[in-house]
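Undergrad: show me how the following folds:
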Amino acid sequence: MLGISSWEAGEGAVLGELCLRYGRWCVDYLMVHKFLQGLGMYTQHMLEVLDVDMTEKVLELIGKLGVGIVDGIVDIQAERNAQNHADSDLPSILPHELVKISTGDFGNTTVDIHLQQLRHSWSE
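TA: I've put the predicted structure just below:
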């Protein structure tokens, strides 16, 4: 939605003069501005009343937020160790069935069974 692209090995889109680079990601301020304009009339009017310096700060902050989120999400990995086996028996349940389970039943059928694993992963 923000037009964030990879900075590595020229994979990124062609950027304008004003771009933000964070880690291995980059975003063009023009794309951030276009995204904000697409959020609706309120956002459009709020951007219009800002002076140039404040508009640049807003675009920079939104760009940093976006590339920071992308950079963080890409680095998420499942942890596996002696206490957290990948082959542990989880109940076979589909998401639409899971939302129908009461909180108490979910605690008894899932959380309590895997509580030792959860406690171990929290302590690291």
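Undergrad: centroid-nearest residue for the chain?
TA: Centroid-nearest residue in the chain: residue 69, 4.2 Å away (criterion: CA atoms, centre = their mean).
Undergrad: just the pLDDT for the residue lying farthest from the centre of the chain.
TA: Going by CA atoms, centre = their mean, the residue of the chain most distant from its centre is residue 108, 30.5 Å out. pLDDT, residue 108: 80.
Undergrad: wait, what's in contact with it?
TA: Residue 108 sits next to no residue when contact means CB atoms under 8 Å, 6 or more residues apart in numbering. In this view, the C-beta of every residue, glycine as well, is placed from N, C-alpha and C.
Undergrad: do you know how far it is from residue 68?
TA: 38 Å (CB to CB, to the nearest Å).
Undergrad: next, the contact list for the residue nearest to the centre of the chain, please.
TA: Counted by CB under 8 Å, 6+ apart, residue 69 has zero contacts.
Undergrad: would you say residue 26 is within a strand?
TA: Yes: under DSSP: H, G, I helix; E, B strand; the rest coil, residue 26 falls within a strand.
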